[in-house]
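Colleague: need coordinates for the following:
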Amino acid sequence: MNGITRTLGFVKSSLRASSRTIHGNAELIENCNAVKNRNPRNLELLRIARKPSGYHLDRQVREYWHTLKITKAPRHVAAEIHHFENGPVITVSTKDWAIKKQLYRLSDTTAYINLGRVLAQRCLESGISMVSCHIEVTKGGKMEAFIKELENGGIELKEPTRYKKPNPWDQHRPEKPWDPTIE
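Modeller: From the prediction side, this is the model:
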């Protein structure tokens, strides 16, 4: 038997021995030295990340993690989801070739409807299901059709409030977002 087969036999036996020593998640946690979270949005999903509040005299509301911004031009429309730190995260425009080829006009009501559908799909694919929306909507307009398609696509247009740890003397104690509720 040469050295390579002896080494491979040793590796196989050590793998079998190590897999037999750990049986469940509890033992993995006990043996774990450090945990590194690689999801940058984890604190936002747990509702404990910082939201920028801005100044109380500002016109624009700045208390959001993600917000919806729409840019209208005479010939096309663009919609973006902005993160408060990183800028635009998801962008959809009627200038995009795949969307442009399906539309008759790039700024009519059907363009707004299809833009809402595509933006909702891309948001859900990237894991964003709640977005802050500060757009004023007129009844029966293009923006109302756009907003309605976003909601039909599964996007909630209001972000949850930030969880703040209650003090012992506080009367109201909010439910912890990481604890599952049993109904």
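
Colleague: can I see the domain layout of the protein?
Modeller: Domain ranges of the chain: 1-35, 38-162, per automatic domain parsing.

Colleague: find the nearest non-adjacent residue to the spatially most central residue of the chain, please.
Modeller: Nearest to the mean C-alpha position of the chain, by Cα atoms, centre = their mean, lies Ile128 at 2.7 Å. Spatial nearest neighbour of Ile128, excluding adjacent residues (Cβ to Cβ, 6 or more residues apart in numbering): His66 at 5.8 Å. (C-beta placed from N, C-alpha, C; glycine too.)

Colleague: show me where the chain has its helices.
Modeller: All helices of the chain, identified by DSSP state H, fall at 3-21, 25-31, 42-45, 97-100, 109-126, 142-152.

Colleague: which one of those helices has the lowest average pLDDT?
Modeller: Comparing mean pLDDT over the helices of the chain, the weakest stretch is helix 3-21, at a mean of 51.

Colleague: ranking the domains of the chain by burial, who's on top?
Modeller: domain 38-162 (a mean of 15; mean count of other Cβ atoms under 10 Å).

Colleague: what distance separates it from the centre of its chain?
Modeller: 12 Å (Cα atoms, centre = their mean, to the nearest Å).

Colleague: now do that domain: distance from first to last residue.
Modeller: End-to-end distance for domain 38-162, by Cα to Cα, to the nearest Å: 21 Å.

Colleague: swap in stretch 27-35?
Modeller: First-to-last residue span, stretch 27-35, Cα to Cα: 15 Å.

Colleague: let's number from 10 now, not from 1
Modeller: With 10 as the first residue, the last one maps to stretch 36-44.

Colleague: so what's the gap between it and the chain middle?
Modeller: That offset, for stretch 36-44, works out to 28 Å (Cα atoms, centre = their mean).

Colleague: ditto for stretch 179-192
Modeller: Using Cα atoms, centre = their mean, the offset of stretch 179-192 from its chain centre is 22 Å.

Colleague: CA atoms only for that stretch, dumped as CSV, please.
Modeller: Below are the C-alpha coordinates for stretch 179-192, written out as CSV (Å, rounded to 0.1, in the frame of the first residue of the first chain):
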residue,chain,number,x,y,z
ASP,A,179,-42.7,51.1,30.4
GLN,A,180,-46.4,50.2,30.3
HIS,A,181,-46.4,49.2,26.6
ARG,A,182,-44.2,46.3,25.7
PRO,A,183,-44.1,45.6,22.0
GLU,A,184,-43.8,42.0,20.7
LYS,A,185,-40.3,40.9,19.8
PRO,A,186,-40.0,40.5,16.0
TRP,A,187,-37.8,37.4,16.3
ASP,A,188,-40.3,35.5,18.6
PRO,A,189,-42.8,33.5,16.6
THR,A,190,-46.5,34.0,17.5
ILE,A,191,-48.8,31.1,17.9
GLU,A,192,-52.3,31.6,16.6
